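Trainee: Here is my input; please provide its structure:
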Amino acid sequence: MAKSTVTGTERLIAALQKAGVAARKELGAALFAEGEVIMVKSKQLVPIDKGQLAASAHVQSPEDIGERVVVKMGYE
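Mentor: Numbers count the residues shown, from 1 in each chain. Take a look at the predicted model:
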């Protein structure tokens, strides 16, 4: 029976973990950008009686919560 030895597993694991962190940051940035696009379109639809509602629109920075990356947006 043939035997084989795998070396560098620690480096491989570290590289995969680093890639996961980078991917989550990119996901957060993409979610935030999409939130901004949605909010621009949404502000065009809200009543503009005094403009206060549209002025209160916000998109929050991404949050890394457990297994999720979350971007909250809304009106005050």
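
Trainee: so what's residue 71 up against?
Mentor: Residues in contact with residue 71 (C-beta atoms under 8 Å, 6 or more residues apart in numbering) are 28, 31-32, 34-35, 59-63. Bear in mind the C-beta positions are built from the backbone N, C-alpha and C, glycine included.

Trainee: What are the boundaries of the helices in this protein?
Mentor: Per DSSP state H, the chain carries helices over the ranges 9-43, 52-55.

Trainee: by contact count, what packs against the longest one?
Mentor: For helix 9-43, the contact count by 3 or more C-beta pairs under 8 Å, 6 or more residues apart in numbering; DSSP states H and E identifies strand 58-59, strand 63-65, strand 68-70, strand 73-74 as packing neighbours.

Trainee: just those strands: most buried one?
Mentor: strand 58-59 (a mean of 16; mean count of other C-beta atoms under 10 Å).

Trainee: Not counting it itself, show me its contacts.
Mentor: 32, 35-36, 39, 71-76.

Trainee: can you rerun that using 10 Å?
Mentor: 31-40, 71-76 (C-beta atoms under 10 Å, 6 or more residues apart in numbering).

Trainee: Farthest-apart pair in these, please.
Mentor: 33 and 76 (21.7 Å; C-beta to C-beta).

Trainee: Compare these two (neighbour count), which wins?
Mentor: Neighbours per residue (other C-beta atoms under 10 Å) separate residue 33 from residue 76, with residue 33 holding more: 12 against 8.

Trainee: Could I get the contacting residues of the more buried one?
Mentor: Contacts for residue 33 (C-beta under 10 Å, 6+ apart) come out as 59, 71.

Trainee: now with 8 Å?
Mentor: Neighbours of residue 33 in contact, by C-beta under 8 Å, 6+ apart: none.
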